[in-house]
Each structure stands twice: as C-alpha cells, then as structure tokens.
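> what follows is a predicted protein model with its sequence.
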Amino acid sequence: MNSFITIAIPKGRILQESVALFGKIGIDCAELLTDTRKLIFENPAQRMRYMIVRATDVPTYVEYGCADLGIVGKDTLLEQEKDLYEPLDLKFGYCRLMVAEPAELSRTDDPASWTNIRIATKYPNITEKYFSHKGVQVEIIKLYGSIELAPLVGLSERIVDLVSTGETLRQNGLVEVETIAHVTTRLVVNRASLKTKQKRITEIIEGLERHV
C-alpha cells in the first residue's frame, strides 16, 4: 500500500473544487462526491487513496504521514503552523481574515488608538500575533462557531473571522475594520513523502500547477 498516494480533503466547497481540479490532470475521484458516510476511498487502478476529514484536521494528518498530500485553507495553516511543505496556491476558496466590529462602534472608533481590546475568534494564534505586532494588548476569547454573535451579546467588542461576501456581517450589524490576511486553498505535502514518493508527488504538483 506504500505505492498509493493518500490525499486528505475536507468536505464542502473545497471538496467539490478539488475533485474538479484533480479531474483536469486525469485523477478520477468523483466518487468522493457521492452521498455516503465513507471516510476513505480508494482507486486501485490509479494507486490513489482519499481521506475525508475536517478542514482543521488536514494539516495534522499530513504532518504525521497518514496522508501524503492535503487540501486546506491558508487560514488553517497560519493558525496551526504545522511542519509541512506548501508548494501550491490552488487559487480557489478565496476569503479574507478580518477584524470586524459593530457598525455603531465603528462610527467613532479609531483602530490606531487601540491599546487594550477583547476579541472573539476561532483563530487565537493568528489574532495574538497580529495584535502583538501592532503593540496592542488583546484578550482573546476562543469560540468554535457563530463568531458574529459575540458582539451582539456583549461577549466581546470585536471579532476576527473569515469573510467571503460579508453578508453575514451585514445581517448582524457588523462592519469590516482591518484585513489580517487574504486566504485561498493550498496544497500541502508531508516532508517525508516528498522524498520517498518524489516522482509521483512532483507529477501531481506540476500537473495541478498548469491548471491554477
């Protein structure tokens, strides 16, 4: 089974775009889009194996060698800082990692005057580094979902979260204040696999590179 290339892919929009992209280089993984609870798929003819995992778990599976390759958002890579090779920006799943606050607060607020603030976020490490670099003391409240709720109920004045269209922010009376990072989907590779399966992995990387 060592001759197989194993790829960790999260469900959702990233999965659909990944399947389409792999199809362009002759890797057939359309089975991943079927309505099933299976978590591992194999294509013996192409010596490919696919693992369906949570987006936040992709870097861990790749770092520990359970997967040779992974597809994951840059936000997750920035937050976790795993020891991975990141050869390719796949250029889909574009979002912005933003600081946002209530529209009413923003009318009189000046981010340049911030000295000590409270932030709710799924990204404590990114948030800590960003504000530390700016010389702002920050109290971070880690949440796992519905970050926009925090300012509405007084848990925090501001949030750090991913924004795509900004519609969720608008519907909850929040506005974007600062951009921390622009986020796209990346291909990551286990460092040991890059040496032991160099030929096949290089072929996949170069193939994908021609289509992004």
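Perfect, thanks for sending it. What you see is a predicted model, and the numbers here were worked out from it, not measured in a lab.

> any idea of the mean pLDDT for stretch 124-136?
The pLDDT scores in stretch 124-136 average 97.

> check stretch 21-32 too.
The average pLDDT within stretch 21-32 is 96.

> show me the shaky parts of this protein.
1-2 (pLDDT under 70).

> strands of that one, residue ranges please.
5-10, 40-43, 48-53, 69-73, 85-89, 95-102, 116-121, 137-142, 158-163, 174-183, 185-189 (DSSP state E).

> quick one, the fourth one and strand 85-89 angle?
Here strand 69-73 runs at an angle of 60 degrees relative to strand 85-89 (axes from the mean of the first three to the mean of the last three CA atoms, to 10 degrees).

> now for strand 69-73, which elements pack on it?
Using 3 or more CB pairs under 8 Å, 6 or more residues apart in numbering; DSSP states H and E, the elements in contact with strand 69-73 are strand 5-10, helix 13-24, helix 58-63, strand 185-189. Heads up, the C-betas are built off the backbone N, CA and C, glycines and all.

> list the strands paired with that strand, with their directions.
strand 5-10 (parallel), strand 185-189 (antiparallel) (DSSP bridges).

> could you give the angle of it to strand 158-163?
130 degrees.

> partners of the residue nearest the centre of the chain in the sheet?
The centroid of the chain falls nearest to residue 73 when counting by CA atoms, centre = their mean (2.3 Å). Counting by DSSP bridges, residue 73 is bridged to residue 185.

> isn't it up against residue 184?
Yes. Shown here, residue 73 and residue 184 form a contact pair, counting by CB atoms under 8 Å, at 7.4 Å.

> what is in contact with these two at once?
By the contact definition CB atoms under 8 Å, 6 or more residues apart in numbering, residue 73 and residue 184 are jointly contacted by 93, 95.

> what are the phi and psi values at the residue of the chain most remote from its centre?
In the chain, counting by CA atoms, centre = their mean, residue 108 sits farthest out from the average C-alpha position, at 32.8 Å. Main-chain torsions, residue 108, degrees, to the nearest 10: phi -120, psi 0.

> how near is it to residue 153?
Distance check for residue 108 against residue 153: by CB to CB, to the nearest Å, it reads 21 Å.

> hang on, isn't residue 96 packed against residue 181?
Yes. Here residue 96 lies in contact with residue 181, judged by CB under 8 Å, at a distance of 7.4 Å.

> perfect, I'm done here.
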